[in-house]
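Visitor: give me a model of this one.
(one chain, ligands or ions: 1)
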Amino acid sequence: MIDLRSDTVTKPTPEMRQAAFDAVVGDDVYGEDPTLLELEELSANMLGKEAAMFVTSGTQGNQIAVLTQCVGGQEIIVEEESHLFFYEGAAMSVFAGVQPRTLKGNRGALNPAEVKAAIRGEDVHAPETGLICIENTHNRAGGAIIPLENMQAIAEIGKEYHIPIHLDGARIFNAAVASGVDVKKYAAQVDSVQFCLSKGLGAPVGSIIAGTNDFIQRARKWRKRLGGGLRQAGILAAPGLISLREKVDRLVEDHNHAKLLAQSINEIKGLSIENEVETNIVLVNTEAAKLTAAEFLAQLKQEGILAVPFGPNTVRFVTHFDVSRQNIEEVVVRLNRMMKILT
Ligand code: TLP
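Guide: Got it, this is the predicted structure:
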């Protein structure tokens, strides 16, 4: 099986497994796990933030950011296909008691003028805007990079109205590597950042949230309330250190593989590419072949390839470090064979 469902499917490398085995550990709820502290310090330094905290997942990190920065009854401005709105089980409403105010983005990027117009203040009828969220890269927009200028424009609005900004940067290192913009510059536009160690960076578990010392101190309490206070978590942090030290620059390989895959698929009759491939996500449209995403995926599985549905006629392929160039070439051969029979 060639598994292109997500960059979450990568298996930890032998070095990561060894590092987990060798990790010096302590009780992190007492702040005594040296390996975890090292990971948090490195993360904060790489992002240019005062402090960082390990969390179990991207979803937990995003929700802790919401809980820390908002109070119940507020409204959060989010892109209508953002992970926070689309894929987190309405967690912001369930846990933080806030409601989403969705805006349609352009390739995932919020329009600053629309953000400004959507802000609500003191009015007996209205929920106040408590947070603005940006997702970079934007998953459902096909791994689209949110331009730095767009983030800067939203940061200005945040400052003007005293509204914090959270970055769901699950794949912010993909954005940085592909655009050449220092990850610190993206992080400087926002009050809190979440990024995933367990996606393209290949660690088995975990994400990081970062911000000011005060933000992280309050976030630690929310993590504990949610049952996310971990004990000898250095075992999880050790692979994460390898991710940050050794797996960032190689993301360019995943991006090249995604571009190669997209170019090759575009030449196959019945299939077309929906997104401009900037990072590691390829969205394939199956409509011209008169196939639904489910029908296409069932056939694809027969050929030993896994991907996920992203719409009635849209399928998502994600490249990652367990997929080689040779694997991509093999996917193209099998897809050509399959589509010849089906069209
Ligand atoms: N994304 C997963 C699925 O949940 C869709 C994937 O396979 O892409 N923010 C963004 C932008 C994400 O893409 C994801 C995961 C998360 C947050 C949540 O991370 P986890 O899965 O660690 O909770």
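
Visitor: give me the pLDDT for the residue of the chain found nearest the ligand.
Guide: Across the chain, no residue is closer to the ligand than G58, which sits at 2.4 Å (C-beta to the nearest ligand atom). Placement of C-beta: from N, CA and C, glycine included. We have a pLDDT of 98 for G58.

Visitor: taking the mean pLDDT, what do you get for stretch 164-176?
Guide: Mean pLDDT, stretch 164-176: 98.

Visitor: for N285, give me phi and psi.
Guide: phi -100, psi 130 (degrees, to the nearest 10).

Visitor: got the contact list for it?
Guide: 271-274, 313-314 (C-beta atoms under 8 Å, 6 or more residues apart in numbering).

Visitor: R220 too?
Guide: R220 neighbours (C-beta under 8 Å, 6+ apart): M53.

Visitor: please, which helix or strand holds it?
Guide: Using DSSP states H and E, R220 maps to helix 213-225.

Visitor: contact residues of the stretch 1-150 of the chain facing the ligand?
Guide: 6, 8, 57-59, 62, 83, 87, 135, 139 (C-beta under 6 Å from any ligand atom).

Visitor: re the thing from before, name the nearest of the contacts of N285 relative to V332.
Guide: L271 (11.0 Å; C-beta to C-beta).

Visitor: burial of that closest one, as a residue count?
Guide: Look at L271: counted by other C-beta atoms under 10 Å, it has 22 neighbours.

Visitor: and the pLDDT for it?
Guide: Value for L271, per-residue pLDDT: 97.

Visitor: on that earlier part again, I figured the residue of the chain closest to the ligand was touching L201, is that so?
Guide: No: taking C-beta atoms under 8 Å as the definition, G58 is not a contact partner of L201, at 11.8 Å.

Visitor: hmm, the helix holding R220 in reach of the ligand?
Guide: No: contact of helix 213-225 with the ligand is not found when judged by C-beta under 6 Å from any ligand atom; the minimum separation is 14.0 Å.

Visitor: quick one: mean pLDDT over that helix.
Guide: pLDDT averaged over helix 213-225 gives 98.
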